[in-house]
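K.L.:
Sequence plus predicted model, see below.
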Amino acid sequence: MPELPEVEVVRRGLADHVVGRTIEHAEFRGARVARRHLPGPADLSDRLAGNLIAEARRRGKYLWLVLRTPDGSEQGLITHLGMSGQLLVEDPSAPEEKHLHARFCFADAGPELRFVDQRTFGGMALSDLTECGVPETIAHIAPDPLEPGFDQAAVVRRMKTRDTAVKRALLDQTLVSGIGNIYADEALWRAQVHGERLCSALTRPALSRLLDHARDVMLEALGQGGTSFDALYVNVNGASGYFDRSLNAYGQEGRPCQRCGTPIRRESFMNRSSYSCPRCQPRPRRPRT
DNA sequence: CTTTTCTCCTGTATGC
DNA sequence: TGCATACAGGAGAAAA
């Protein structure tokens, strides 16, 4: 499940393989891949032909290619991988994947770019760029912990006023972006905090430490090429990441906690699974339902 | 406005 | 063997 580290691995792959190249032709199949592009897939295809890919950028789990037309105007092609989206750089003669939703052919006739997505939660859309270079349609997404403009003290202040569970806040992309279920559980395990504790029940230093852990664990995962549980997350060359070997909480139900040996538990939270150590991360006394 | 729930999707695993 | 059900979960719409 691509979260910040996995999306960054993909962004780097795009920077290496498609930045600097000119799109000759792009095709989109089905309505879902372009559902956030309101004029529809045909319009999206029409607008891409002839553009130079000038940059590959990212904020949180969102990725965008900066497209430059021959007259010099720029737009962002936003791509979100959702649950199972893949951007693959492949030889044009490679057989089509079962869930191929978009393909980009380049003027240099080199390898093409494909968007493959089994669960179709991902998608692509064109958006104008704001003055600070972020696409308008994702202006509501907060800075992520790895970008220079990330103001951790401000995030801590906002978190402190939230009347909700701390894991919910970690997953709120308008508060801090890039963190999904895996790295939320890993950060909470490192901070020895149960995700259902209220934000207001934690001190500001504790919230700040939690964000430190979130940043640290995502950086470490990035160094391992991200986390892959199955073939759904791969880089642009189809290779998996190895951080699953370093997970301490997520998916570790029944395995001994690496700090205290107590078996890791799985609980349901927000209609998803949460993993934690019963001893290091005790549930709050007044649990929220 | 803030917070929570629902919905989209398909492959894999599990149960009867 | 076959069918039903649970699960994985990001994010935006809708509801509370």
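P.N.:
Yep, it's here. Numbers count the residues shown, from 1 in each chain, chains lettered A, B, ... in the order given.
K.L.:
CA only for contacts and neighbour counts going forward, please
P.N.:
Noted.
K.L.:
which residues sit in contact with the closest residue to DNA strand B within the stretch 1-150 of chain A?
P.N.:
Of the residues in the stretch 1-150 of chain A, the one nearest DNA strand B is A:Arg119, at a distance of 4.2 Å by Cα to the nearest atom of the strand. Listed by Cα atoms under 8 Å, 6 or more residues apart in numbering, the contact set of A:Arg119 reads A:Met83, A:Ser84, A:Gly85.
K.L.:
Out of these, list just those in strands.
P.N.:
Among those, the ones falling in strands (DSSP state E) are A:Gly85.
K.L.:
In terms of pLDDT, where does the residue of the stretch 1-150 of chain A closest to DNA strand B sit?
P.N.:
Note on A:Arg119: pLDDT of 90.
K.L.:
That one should be in a helix, yeah?
P.N.:
No - A:Arg119: not assigned to a helix; according to DSSP: H, G, I helix; E, B strand; the rest coil it is coil.
K.L.:
Count the neighbours of the residue of chain A found nearest DNA strand B for me.
P.N.:
Nearest to DNA strand B, among the residues of chain A, is A:Asp163, at 3.5 Å (Cα to the nearest atom of the strand). Other residues lying near A:Asp163 total 12 when counted by other Cα atoms under 10 Å.
K.L.:
Hmm, A:Glu6 is touching A:Thr227, no?
P.N.:
Yes - with contacts counted by Cα atoms under 8 Å, A:Glu6 reaches A:Thr227, the gap being 6.9 Å.
K.L.:
Check which helix or strand the closest residue to A:His213 other than its chain neighbours maps to.
P.N.:
Closest residue to A:His213 in three dimensions, ignoring its sequence neighbours and counting by Cα to Cα, 6 or more residues apart in numbering: A:Ala187, at 5.1 Å. Remark: A:Ala187 resides in helix A:181-191, with elements defined by DSSP states H and E.
K.L.:
Thought A:Cys199 was touching the residue of chain A closest to DNA strand B, still the case?
P.N.:
Yes - at 6.7 Å, A:Asp163 counts as touching A:Cys199 under the criterion of Cα under 8 Å.
K.L.:
Tell me which residues touch the residue in the stretch 101-250 of chain A that DNA strand C sits nearest to, please.
P.N.:
Each residue of the stretch 101-250 of chain A has a distance to DNA strand C, by Cα to the nearest atom of the strand, and the smallest belongs to A:Gly180, at 3.8 Å. Applying Cα under 8 Å, 6+ apart to A:Gly180 gives the contacts A:Glu3, A:Leu170, A:Leu171.
K.L.:
Most neighbours among these, which one is it?
P.N.:
For the contacts of A:Gly180, neighbours were counted by other Cα under 10 Å; the highest total belongs to A:Leu170, with 27 neighbours.
K.L.:
For my notes, confirm it occurs in a strand.
P.N.:
No - applying three-state DSSP, one finds A:Leu170 to be helix, outside a strand.
K.L.:
what sits against it?
P.N.:
Contacts were defined as Cα under 8 Å, 6+ apart; by that measure A:Leu170 touches A:Val176, A:Ile179, A:Gly180, A:Ala184.
K.L.:
and the stretch 1-150 of chain A, which of its residues are near DNA strand C?
P.N.:
Applying Cα under 7 Å from any atom of the strand, one finds that the stretch 1-150 of chain A approaches DNA strand C through A:Met1, A:Pro2, A:Glu3, A:Gly60, A:Lys61, A:Tyr62, A:His80, A:Gly82, A:Met83, A:Arg119, A:Phe121, A:Ile138.
K.L.:
which of those residues lies closest to A:Glu74?
P.N.:
The nearest member of these to A:Glu74, counting by Cα to Cα, is A:Ile138 at 16.2 Å.
K.L.:
Need the overlap of contacts for A:Glu6 and A:Thr227.
P.N.:
Counting by Cα under 8 Å, 6+ apart, the contacts common to A:Glu6 and A:Thr227 are A:Tyr233.
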